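Colleague: How does the following fold in three dimensions:
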Amino acid sequence: MELIYLGLLLLFVPLIAMTIGLSVAYYLIQKKYLQFVGRIFQEKPLFVIPRGEPNPDAEEVRFTTSDGLTLQGCYLKTEKPRKGVILFGLEFGSNRWSCSSYCDWLLASGYDIFTYESRSQGDSDRQPNYEPLQWITQYEVDDCKAAIAYLKSRPDKDSKGIGLFAMSKGAAAGLYIASEDPFIRCICSDGVFASMTTMVPYMRQWISIYSDKVSLHPLIPSWFFQIIGYNAIRLSEQERGGGCHFKHLEPRLARLRQPWFMIHGALDGYIWPDMARNLFNLAKGPKLLWIVPGAKHNGGIHVAGDEYRTRVLQFFNHQLAGIEPAQNYPKIAVSSLATAR
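Modeller: The predicted structure follows:
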């Protein structure tokens, strides 16, 4: 009997010690560092934001959100027999005309292109008491829903659905909607990121700044950092005001069933490739990952050039237009695994 008690003691003492240790760490972080963790949801990064010039051939579009704001967009019609319609999701801070540098070759290859500026961005209406940042909130999600509703309402709509080609923040909003709306038939994203898969790795890095117990850091479970992260997010929502609530993409990806081609820069200094892989691995549907060597955030097209354009075009040709790709093109099947170059 004594051996049994000794065994139980040896079993539970480490668990009790770990629980006490995590409780103390939680208290200290909440009290001293929570405001610093929350700053990641309140500060603008030093992005180089692309902006384009107006296209005289574009159809200027205005449509209304569910809460009455008017958003500005543009619709570009291909001169070729149309293969499909692609919604281009803008990155944070860019204007609608920046789509040209990303989509000209898709337009020339037979796809209509539509893009829009979210509230408080470009020429769209301003949201009172709300300043958008790089993270998606309910406002960007609602704006994306309104854009898709507009495409569904057009007389020349494609009843089969649309493709989504989107950068970072625009990709996050589009993927969020795609998880519930099959009208988005396939998604190609570049530089997409989400809240927890971004915040937790940064928190693990930051803890080494404030604590010299390096050997203990790997023992702290990810769920512990996630709890701290959610608390920091709630604090940020209160401080930012405007009634905004940050949306978390991670749980949505488990519901995604459309083919997803994820592109990410190997030298992305904001969203590290491992963050992208962790996000990618959450999706249960057909998917393919391309880590572009030498590319920074949203920079794959500038580094890979023709290969980038070819891969994206082949993806939409296959998944949206139903055209069998060339033999050397990596098809996306349900059994596809993440691949990286």
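Colleague: any idea where the helices of the stretch 151-300 of the chain begin and end?
Modeller: Secondary structure of the stretch 151-300 of the chain (DSSP state H, counting those that start in this stretch): helices at 168-178, 195-210, 222-240, 250-253, 273-280, 300-304.
Colleague: tell me the most buried of the ones you listed?
Modeller: helix 168-178 (a mean of 26; mean count of other CB atoms under 10 Å). Every C-beta, even on glycine, is put in place using the N, C-alpha and C of the backbone.
Colleague: How about residues contacting that one?
Modeller: Contact with helix 168-178 is made by 87-92, 118, 134-136, 140-141, 143-145, 148, 164, 166, 184, 187, 189-194, 247, 249, 252-253, 256, 258, 260, 271, 297-298, as judged by CB atoms under 8 Å, 6 or more residues apart in numbering.
Colleague: Enumerate every residue touching Q258.
Modeller: Q258 neighbours (CB under 8 Å, 6+ apart): 178, 182, 184-187, 285-286.
Colleague: can we see that at 10 Å?
Modeller: 161, 163-164, 175, 178-179, 181-187, 283, 285-287, 319 (CB atoms under 10 Å, 6 or more residues apart in numbering).
Colleague: Then E60?
Modeller: 54, 72-75, 96, 123.
Colleague: switch to 7 Å and redo it
Modeller: By CB atoms under 7 Å, 6 or more residues apart in numbering, the contact list for E60 reads C74.
Colleague: any idea how far R234 is from it?
Modeller: E60 sits 39 Å away from R234, going by CB to CB, to the nearest Å.
Colleague: just to revisit the earlier point, just the contacts of helix 168-178: which are in strands?
Modeller: If you go by DSSP state E, these have 87-89, 164, 166, 184, 187, 189-190, 260 in strands.
Colleague: Tell me the one among those nearest to R154.
Modeller: For these, the residue nearest R154 by CB to CB is L87; the value is 11.9 Å.
Colleague: number of nearby residues for the closest one?
Modeller: 26 (other CB atoms under 10 Å).
Colleague: swap in G305?
Modeller: G305, neighbours per other CB under 10 Å, totals 10.
Colleague: Run through the stretch 151-300 of the chain and note the low-pLDDT ranges.
Modeller: 206-221, 223, 226, 230, 235, 237, 241 (pLDDT under 70).
Colleague: Now do the domain split for the chain, please.
Modeller: 2-41+199-240, 59-194+248-319 (automatic domain parsing).
Colleague: could the ones you listed be laid out in TSV, adding distance to P325?
Modeller: Listed next are the domains of the chain as TSV, based on distance: least, CB to CB, whole Å:
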stretch	distance to P325
domain 2-41+199-240	34
domain 59-194+248-319	5
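Colleague: what's the most buried one of the ones you listed?
Modeller: The most buried one of the domains of the chain (mean count of other CB under 10 Å) is domain 59-194+248-319, showing a mean of 20.
Colleague: Just give me how far stretch 236-250 sits from the chain centre.
Modeller: 16 Å (CA atoms, centre = their mean, to the nearest Å).
Colleague: got a list of contacts for it?
Modeller: 38, 41-42, 127, 129-130, 135-139, 141, 172, 175-176, 194-197, 233, 279, 282.
Colleague: what do you get if the cut-off is 8 Å, keeping everything else the same?
Modeller: So stretch 236-250 is in contact with 38, 41-42, 127-131, 135-141, 172, 175-176, 192, 194-197, 233, 279, 282, going by CB under 8 Å, 6+ apart.
Colleague: again with stretch 151-158
Modeller: Contacts of stretch 151-158 (CB under 8 Å, 6+ apart): 82, 84-85, 87, 114, 162, 183.
Colleague: Going by distance to T64, which of those residues wins?
Modeller: For the contacts of stretch 151-158, the minimum distance to T64 (CB to CB) is 15.8 Å, reached by F114.
Colleague: for the closest one, phi and psi?
Modeller: Dihedral pair for F114: phi -130, psi 140, per degrees, to the nearest 10.
Colleague: which residues touch it?
Modeller: Contacts of F114 by CB under 8 Å, 6+ apart are 61, 73-76, 85-88, 147, 151.
Colleague: 7 Å instead, please
Modeller: 73, 75, 85, 87, 151.
Colleague: Farthest-apart pair in the residues you listed, please.
Modeller: Longest span within the contacts of F114, CB to CB: G73 and V85, 12.8 Å.
Colleague: What's opposite the nearest residue to I263 once chain neighbours are set aside in the beta bridge?
Modeller: For I263, ignoring the flanking residues on the chain, the nearest one in space by CB to CB, 6 or more residues apart in numbering is D190 at 4.3 Å. For D190, the beta-bridge assignment (DSSP bridges) gives partners M167, I263.
Colleague: Much appreciated, bye for now.
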